[in-house]
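Q: whatever this is, show me its structure:
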Amino acid sequence: MVGLWDLHQKTEAEWRRILAARPDEAVAWIALAAANGFKAAQLVFGQMHLDGTLVVRDPAAAHAWFVKAAAIGSVEARNMVGRCHELGWGVPVDQAIALLHYRKAAAAGLDWAHYNVGCLLLYGTGVGRNHGEAVASFTAAADLGHAKAMGMLGRCHEEGWGTDRDRMAARALYRRAAEGGDGWGALNLGLMLVEDGARAEAIPHLAQAVATATPGGLSAIVDLFERRPEPDLAAIAAAARARLGEVRARPAASEGGRGSRRIPRRVQGLILAALLALAVRRIPRSA
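A: All right, here's what the predicted structure looks like:
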């Protein structure tokens, strides 16, 4: 049995081993920290309920934990409240409410929130379309190093959405997005290179897209290249179809594409700090 003094004594490396080797025990302590008002724990606990990670999947409970964490200052949780309203995770779909939460998180400097504002305003689903503000939001996220925002900004430059049409600027942004690991950025860069007759240069980027794209991106790759006569492009399509089958065979998760999908190492670090803080707070002063 783990006591509070034991928690206080454990190093971050030891906590990481507990999270990996003893998930049931870790869940109990995360739940305790969340119940005691630690916003990092509430954020993680909400994500666990959203994904069904180590607990029964419960989007309504996830939303409730995100709301609790947002109320005490978690910017990431505020963004996730927006995601819940945008996609109907535990609450009715309402993009206007989602936009309000995204704007609050963006005002606090969260890159994902800037990106989410940009996506809602670019497509105008449930809110007024505003391409100029969408570009400004993508730019703000890109300035914070957000790879997906770089890719979306590239698309805006390629299509002339809210900014001047500039193919060279679009290619440069797609390249930056691809270098940052964005599957759509890699795909769009590869497409541009194919269109410009640089197929040999395009293939590695298209292969990266196959390895990193969402199901929607994989479907797009299949549609684009499956009937191409070039063997290398046909091979890219075949690889995308194979990976799409693998992805579809996995259990569904909360992948919405614009927010936390799992418990990243940085957030794990926050929860470890929260757990240790909880232990310290509860240890008698004479200990």
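
Q: quick check: A207 touching A235?
A: No - under the criterion of C-beta atoms under 8 Å, A207 makes no contact with A235, lying 9.2 Å away. (Each C-beta comes from the backbone N, C-alpha and C, glycine too.)

Q: P231: neighbour count?
A: 8 (other C-beta atoms under 10 Å).

Q: coming back round to it: what is in contact with A207 and A235 at once?
A: Residues touching both A207 and A235 by C-beta atoms under 8 Å, 6 or more residues apart in numbering: none at all.

Q: so which residues of the stretch 51-200 of the chain form helices?
A: Using DSSP state H, counting those that start in this stretch, the helices found in the stretch 51-200 of the chain span residues 59-71, 75-87, 95-107, 111-123, 131-143, 147-159, 167-179, 183-195, 199-212.

Q: between the ones you listed, which one is closest to P231.
A: Closest approach to P231 among the helices of the stretch 51-200 of the chain is made by helix 199-212 (10.8 Å; C-beta to C-beta).

Q: now tell me what touches the closest one from outside.
A: 178, 181-184, 186-187, 189-194, 217-218, 221, 225, 230, 232-233, 236, 239-240, 243.

Q: what do you get for stretch 89-108?
A: 50, 58-64, 70, 75-76, 78-79, 81-87, 112-114, 116-117, 120-121, 125-127, 137, 140, 254.

Q: so where's the stretch 51-200 of the chain shaky on pLDDT?
A: The stretch 51-200 of the chain contains no residues with pLDDT under 70.

Q: before we move on, the earlier item: filter the contacts of stretch 89-108 to the buried ones?
A: 50, 58-59, 61-64, 70, 75-76, 78-79, 81-87, 112-114, 116-117, 120-121, 127, 137, 140, 254 (16 or more other C-beta atoms under 10 Å).

Q: residues near R129, how many?
A: 14.

Q: how about the nearest residue to it once chain neighbours are set aside, what does it touch?
A: For R129, ignoring the flanking residues on the chain, the nearest one in space by C-beta to C-beta, 6 or more residues apart in numbering is L121 at 6.6 Å. For L121, the contact set (C-beta under 8 Å, 6+ apart) comprises L99, V127, G128, R129, N130, H131, E133, A134, S137.
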